[in-house]
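Participant: Please find the sequence and the predicted model below.
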Amino acid sequence: MRQDTLIILDNGHGGIKEGVYVTAPSKMHKFKDGLTIYEGVFNREIVKKLVYKLKTFGIPFLNLVPGPEDTPLKDRVKKANRGGQTLGRQSYLY
């Protein structure tokens, strides 16, 4: 991997905070069998596994939203671009 590469992880929507899904009901899907998928929770599980692997292999990364908050896209883009500037370029793709 190139030395000037920074992996930016963006799980998008909020997770569960104090027992409440913070972006309900717009970012959740209930299936006919009763199963409910919370997009922000699902995304965070994927990001958590990616963070573990990236740390294991010493690959630099920036996790834009490590907590359960629902951070607006414009704020995530700013944070990503600040991280990219440390490499001399902007790096957020959406």
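Facilitator: Cool, got the structure.

Participant: Report the buried residues of the longest helix belonging to the chain.
Facilitator: Longest helix in the chain, counting residues (DSSP state H): helix 39-56. Using 16 or more other C-beta atoms under 10 Å as the test for burial, helix 39-56 gives 39-44, 47, 50, 54. Bear in mind the C-beta positions are built from the backbone N, C-alpha and C, glycine included.

Participant: How far off centre is the host helix or strand of residue 75?
Facilitator: Secondary structure assignment for residue 75, by DSSP states H and E: helix 73-85. Put simply, helix 73-85 sits 12 Å off its chain's centre (C-alpha atoms, centre = their mean, to the nearest Å).

Participant: buried set for it?
Facilitator: Residues 76, 79-80, 83-84 are the ones in helix 73-85 that count as buried (16+ other C-beta under 10 Å).

Participant: For the longest helix of the chain, give the mean pLDDT please.
Facilitator: For helix 39-56, mean pLDDT rounds to 91.

Participant: and if you look at stretch 16-30?
Facilitator: For stretch 16-30, the per-residue pLDDT averages 86.
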